[in-house]
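Participant: Okay, predicted coordinates and the sequence, questions at the end:
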Amino acid sequence: MVSDEKVKVMFWRTEFYGALTEGGTVSLHVGKIRGFQKLGHEVFYVSSGPMKLPEGVKLYQIPYSKLYRNFPEVLHPNYNRRSINAIIKIIEKEQPNFLHKHHHDFHYGGAWLKKHLGLPFILHVDGIEYWVKKNWGKLYFSHLLRWAEDTELEASDAIIVISDSLKRQLVEYGVNGDKIHVVPNGVHPDQFYPEIGDKGLKKSLGLEDRFIVGYTGTFGRWHGVEVLAESVKHIVKRIPNAVVMFVGDGDLRPKIEEITKRDGVFDKIMITGFVPFTDIPHYLSMFDVAVSPCINNDDNEFFNSPVKLFEYMAMGKPIVASSVGQQGVVIENGVNGLLHEEKQPEELAERIFEIYSNKDLADRLGKEARRRAIEKHDWKFNAQAILDAYKGVVGKK
């Protein structure tokens, strides 16, 4: 078995993300890295672009071709070859104990390194890429994607997934369930805490006398931002001084604007666009209630683990969340938050009004949320689970 001596971890992010250095994936990676650091381990990071990393973490960049935006699927084989050649040299220099790779479409580099270098390979999976591309994007070379994905999943020594729902989907997809470890996302309670304050944001934004209903994150398909937009007219009817703040950006921003303009409440919302990750706690500090109205997918259950949920908890905010997937497990209704049925904007507004009209309830929910964030959802527990998976892999050899 592996002793408790310190290890060096190589993180590898292979997706093309251009200049987008904020959002849930960044929170996930930075969270895990700081979790390993808290436990006294060393981490270095390999990526396709720039990243804002914790102090002391080396960054190696292997950029995509400038033509990638025009020919994304066509250029993936070339990027596989180039990135593998580059990372071999990085591995020779850094000598990591194991690879922790974020699964992404068309990339099979982890499997190659496992086969040719014998490097223990732990794969983080937050979705079946074949399903994601087929249902949420455009897919032309489906056989190539399926082959690359199957190769990575089969070669990995252990797979880290963010929810029980995703584990079930992977097993149905044909993956050996014995090597799948469910490790929900987390938060750093020393970075997200109630006393951090808003740094004057509420005053500068002219919101000092407003009841702020807040959401943070990307405006994607499963985030439920359309439901929140639909709820605005019901919220302001019950709470005239309310403002609904969308901290983030994404594909559904035009839909949010369309819905609130149609309902005559566009002046009751605020969309900030993406803000630096380090500023998120200050925005959260302004919230009187924090919401996560996620929705199930059209043909399968909600399989994500929203980082925002744990950040809300660490900030000690009263939370209103839909009961889909993992949210219905992490949030115990009436104890550390309030739950509502998915896609029900009026019910969402009613839960928000319950918090608005009952300060004792709001305080109690927030305090219990903070306690559970500290005791159950610190990123260091996430990092330890990955280390335990690594020790299990090496212990079998």
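Facilitator: Arrived safely.
Participant: the strands in the chain, which residues?
Facilitator: Using DSSP state E, the strands of the chain run over residues 8-13, 42-47, 58-61, 98-102, 121-125, 158-161, 180-182, 211-216, 242-247, 269-271, 289-292, 319-322, 338-340.
Participant: can I get those in a markdown table with distance to Gly137, mean pLDDT and mean neighbour count?
Facilitator: Quick note: C-beta positions are derived from backbone N, CA and C, even for glycine. Output for those, formatted as a markdown table (distance: least, Cβ to Cβ, whole Å; pLDDT from 0 to 100; neighbours: other Cβ atoms under 10 Å):
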| stretch | distance to Gly137 | mean pLDDT | mean neighbour count |
| --- | --- | --- | --- |
| strand 8-13 | 18 | 96 | 22 |
| strand 42-47 | 21 | 96 | 21 |
| strand 58-61 | 25 | 96 | 14 |
| strand 98-102 | 17 | 96 | 24 |
| strand 121-125 | 17 | 95 | 24 |
| strand 158-161 | 21 | 96 | 23 |
| strand 180-182 | 24 | 95 | 18 |
| strand 211-216 | 24 | 98 | 23 |
| strand 242-247 | 23 | 98 | 23 |
| strand 269-271 | 24 | 98 | 19 |
| strand 289-292 | 23 | 98 | 27 |
| strand 319-322 | 24 | 98 | 27 |
| strand 338-340 | 29 | 98 | 22 |
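Participant: Next one: the residue lying closest to Leu117 once chain neighbours are set aside from Lys8, what distance?
Facilitator: Counting by Cβ to Cβ, 6 or more residues apart in numbering, Leu117 lies nearest to Ile91, which is 6.7 Å off, once chain neighbours are set aside. To Lys8, Ile91 is 11 Å away according to Cβ to Cβ, to the nearest Å.
Participant: Also Leu201?
Facilitator: Per Cβ to Cβ, Leu201 is found 39 Å from Lys8.
Participant: got a list of contacts for the one helix or strand in the chain whose mean pLDDT sits lowest?
Facilitator: When the helices and strands of the chain are scored by mean pLDDT, DSSP states H and E, helix 129-136 comes last with a mean of 71. Residues from elsewhere that reach helix 129-136 (Cβ atoms under 8 Å, 6 or more residues apart in numbering): 103-106, 139, 142, 145-146, 149, 169, 221, 297-300.
Participant: which among the residues you listed end up buried?
Facilitator: His103, His104, Asp105, Phe106, Leu139, Leu145, Glu149, Gln169, Arg221, Asn297 (16 or more other Cβ atoms under 10 Å).
Participant: and the two most separated of the residues you listed?
Facilitator: Maximum pairwise distance among the buried ones among the contacts of helix 129-136 (Cβ to Cβ): 21.6 Å, between Phe106 and Asn297.
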